[in-house]
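A.B. asks: I'll drop the sequence and a predicted model, then ask my questions.
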Amino acid sequence: MSDIVTFGETMLRLSPPDGERLESATEFEVHAGGAESNVAIAADRLGATATWLSKVPETPLGRRVVGEIRRHGIETDVVWSHRGRQGTYYLEQAGEPRGTNVIYDRENTAISTAEAREFDIERIQDARVFFTTGITPALSSTLRETTANMLKAARQGGTTTAFDFNYRNKLWSPDEARETLTRLFPGIDVLVIAARDARTVLGFEGDPRQLAHKLGSQYDFTTVIVTRGSEGAIGWHDSVVHDQEAYETDTVSPIGTGDAFTGAFIARRLHGEDVPTALEYAAATAAIKRTIPGDVALLSKDEVDAVVKDGGTALSR
Ligand SMILES: O=C(O)C(=O)C[C@H](O)[C@H](O)COP(=O)(O)O
């Protein structure tokens with residue numbers, strides 16, 4: 001039985017060396033990356049036990065992804081499929097003005113046919129938190145239903161539901177996302193959403209404090225976290241708004257920052273910390289993640305403690 005159970009697709013991530021172009025690179029680094037497994041791993045690093053649920057093709061590529069996630073020490077409960085592909089994404093990272101570009105190759109993947117009845121739903125109902133993101137229902141109409149059913153089962157089992165809105169414009173339009181995701185809102189306790197998504201997808205207006213307050217009072221969330229990149233995050237809980245600044249960081253790899261933040265926030269809340277303290281841990285974890293290549297926050301709670309305590313140290317011996 002884990003503290004947190006997450007459900008979603010994890011892709012094989014192929015990236016050429018920094019600055020090189022996908023069309024000419026002769027080498028690719030291989031990682032496994034997906035919001036829901038990234039969150040599970042970050043939560044585990046920050047002191048919560050975690051299980052990742054998914055449907056994966058029974059192929060060398062599928063086994064590679066699952067093997068990598070298991071190597072990070074979390075439990076997996078995977079439905080192995082003889083149909084459907086392993087999702088892949090290509091990541092080109094360069095300095096400005098090119099920035100970071102993601103190309104998905106994730107149509108007709110194994111997970112797109114996943115139904116709630118294929119999983120051991122008691123795992124979700126026995127957990128303290130169930131987590132998924134807005135990426136999962138974007139992948140297929142079956143997954144829209146599955147996501148709704150899993151959230152419902154979690155609630156029925158008394159499990160807290162946490163959801164990262166995670167709008168991906170390469171997967172669907174703002175209208176489709178708004179329609180689908182707001183329908184899931186009544187089943188969600190803790191919502192994490194980027195300020196830009198609250199504006200461009202949901203059409204909310206105002207500064208991030210107002211966005212958090214509006215979301216919190218319009219829907220029935222217990223907690224709303226509005227993230228704002230290098231400007232930190234806002235937490236709304238019990239009608240009180242908390243401000244959290246971002247910690248300074250030298251960015252090596254920005255992908256996975258939001259997931260590191262969310263995993264740490266959930267883990268520290270599960271540990272009994274209040275919202276402002278959990279937000280501090282989340283921001284520090286996100287800052288450290290940005291210094292680490294790959295999708296995953298491979299860090300220790302001690303490192304996060306050091307950053308929370310004094311903003312981090314350049315030299316540790
Ligand atoms: O795009 C997807 O579908 C993925 O799951 C790939 C990445 O792992 C996450 O998108 C990272 O998300 P951030 O933490 O917000 O950087």
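C.D. replies: All right, it came through fine.
A.B. asks: Specify the beta-bridge partners of residue 55.
C.D. replies: When assigned by DSSP bridges, residue 55 has beta-bridge partners residue 79.
A.B. asks: just checking, it touches residue 116?
C.D. replies: No: contact criterion CB atoms under 8 Å: residue 55 and residue 116 do not qualify, at 11.2 Å. Using the backbone N, CA and C atoms, a C-beta is placed for each residue, glycine as well.
A.B. asks: The stretch 101-250 of the chain against the ligand: which residues are in contact?
C.D. replies: Applying CB under 6 Å from any ligand atom, one finds that the stretch 101-250 of the chain approaches the ligand through 135, 168.
A.B. asks: residues near the nearest residue to residue 25 once chain neighbours are set aside, how many?
C.D. replies: Among residues not flanking residue 25 along the chain, residue 16 sits closest, at 3.2 Å (CB to CB, 6 or more residues apart in numbering). Neighbours of residue 16 under the rule other CB atoms under 10 Å: 20.
A.B. asks: Assess the claim that residue 16 and residue 94 are in contact.
C.D. replies: No: in this structure residue 16 lies outside contact range of residue 94 using CB under 8 Å: 9.7 Å.
A.B. asks: What sits closest to the residue in the chain positioned nearest to the ligand if chain neighbours are left out?
C.D. replies: Using CB to the nearest ligand atom, residue 258 is the residue of the chain that sits closest to the ligand, at 3.1 Å. Excluding the flanking residues, the one nearest residue 258 by CB to CB, 6+ apart is residue 227, at 6.2 Å.
A.B. asks: host element of residue 131?
C.D. replies: In this structure, residue 131 is located in strand 129-133 according to DSSP states H and E.
A.B. asks: Over to residue 6?
C.D. replies: strand 4-7.
A.B. asks: and the helix or strand just after that strand, how far from the chain's centre?
C.D. replies: Note on strand 4-7: by DSSP H and E, the next helix or strand toward the C-terminus is strand 11-15. Distance of strand 11-15 from the chain centroid (CA atoms, centre = their mean, to the nearest Å) equals 16 Å.
A.B. asks: Stretch 285-296 too?
C.D. replies: 13 Å.
A.B. asks: quick check, it touching the ligand?
C.D. replies: Yes: for a cut-off given as CB under 6 Å from any ligand atom, stretch 285-296 has contacts with the ligand, namely residue 295.
A.B. asks: just to revisit the earlier point, so for residue 55 and residue 116, which sits in the more crowded spot?
C.D. replies: residue 55 (24 against 17).
A.B. asks: Report pLDDT for that one.
C.D. replies: What the model reports for residue 55 is a pLDDT of 98.
A.B. asks: residues contacting it?
C.D. replies: Neighbouring residues of residue 55 by CB atoms under 8 Å, 6 or more residues apart in numbering: 78, 79, 80, 81, 84, 110, 111, 113, 114, 118.
A.B. asks: Mark which of the residues you listed are buried, thanks.
C.D. replies: Neighbour-count burial (16 or more other CB atoms under 10 Å) applied to those gives 78, 79, 81, 84, 110, 111, 113, 114.
A.B. asks: Would you agree the second one is in contact with residue 119?
C.D. replies: Going back to what we said before, that points to residue 79. Yes: using CB under 8 Å, residue 79 makes contact with residue 119 at a distance of 6.8 Å.
A.B. asks: Using PDB, write out every CA atom in stretch 140-152.
C.D. replies: The C-alpha trace of stretch 140-152 is given here as PDB (Å, rounded to 0.1, in the frame of the first residue of the first chain):
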ATOM      1  CA  SER A 140      -7.900   9.300 -26.100                       C
ATOM      2  CA  SER A 141     -11.700   9.300 -25.500                       C
ATOM      3  CA  THR A 142     -11.300   6.000 -23.600                       C
ATOM      4  CA  LEU A 143      -8.800   7.700 -21.300                       C
ATOM      5  CA  ARG A 144     -11.300  10.500 -20.700                       C
ATOM      6  CA  GLU A 145     -13.700   8.000 -19.300                       C
ATOM      7  CA  THR A 146     -10.900   6.100 -17.400                       C
ATOM      8  CA  THR A 147      -9.600   9.300 -15.700                       C
ATOM      9  CA  ALA A 148     -13.200  10.100 -14.600                       C
ATOM     10  CA  ASN A 149     -13.800   6.600 -13.300                       C
ATOM     11  CA  MET A 150     -10.500   6.500 -11.400                       C
ATOM     12  CA  LEU A 151     -11.100   9.900  -9.800                       C
ATOM     13  CA  LYS A 152     -14.600   8.600  -8.800                       C
END
